[in-house]
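J.: next input, structure requested:
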Amino acid sequence: MITLGGQGSPSPVPVVRVVVVHVSSSTGWVTLAVAIAGVVLSLASLAWQAFSFWRSGHRVRVGVRVGAFGLIGERPAFMEVMEPRFPSQADVDAFAVQGLDTPVVITFVRNVGRFPVTVHECKWETSSGTSGLSGAQHA
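T.: Residues are numbered from 1 along each chain as shown. From the prediction side, this is the model:
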């Protein structure tokens, strides 16, 4: 108890202190925006991780190079047809003039995934009915 007054008769008067804290509600939307951004980014990260895991398995890409092979002087040479198509007769004739007399189709297989891949055989067939098999052991 705190007494008011001087040395005279003390009169007990309780003193009450009130502390009022004003919190501005204008920062509430900033907090909400940061929370929403955090949820969106975490869900995007989770989706990216799932997509990356799904795409990282065994994946094989196959490519084809078409052209002609032959000897120019004493050195073997290969010239590729610029368009991805089988060489026409005009292409074959143009290659033959340069000494490239054997039309060839080169197929390459490569692994683009994270896990190892073993290719046991490759089989192909053209629209003209020509087919081939590579890598298989047949008796």
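J.: hey, let's count contacts and neighbours off CA atoms from now on
T.: Noted.
J.: if I look at the residue most central in space within the chain, how far off is Gly113?
T.: Ranked by distance to the mean C-alpha position of the chain (C-alpha atoms, centre = their mean), the top residue is Ser52 at 6.9 Å. Counting by C-alpha to C-alpha, to the nearest Å, the separation of Ser52 from Gly113 is 11 Å.
J.: same check, this time on Val20
T.: Val20 is 64 Å from Gly113, by C-alpha to C-alpha.
J.: between the two, which is the more surrounded one?
T.: Neighbours of Val20 and Gly113, each counted by other C-alpha atoms under 10 Å, are more numerous for Gly113; the result is 14 against 6.
J.: just give the nearest non-adjacent residue to the more buried one, would you?
T.: Arg59 (4.8 Å; C-alpha to C-alpha, 6 or more residues apart in numbering).
J.: and the gap between that neighbour and Phe115?
T.: 8 Å.
J.: so the two - more neighbours on which side?
T.: It is Arg59, of Arg59 and Phe115, that has more neighbours when counted by other C-alpha under 10 Å, with 14 against 10.
J.: how about the strands in this structure?
T.: Secondary structure of the chain (DSSP state E): strands at 2-4, 11-13, 60-72, 75-80, 102-111, 122-125, 131-134.
J.: so of these, which one's packed in deepest?
T.: strand 60-72 (a mean of 16; mean count of other C-alpha atoms under 10 Å).
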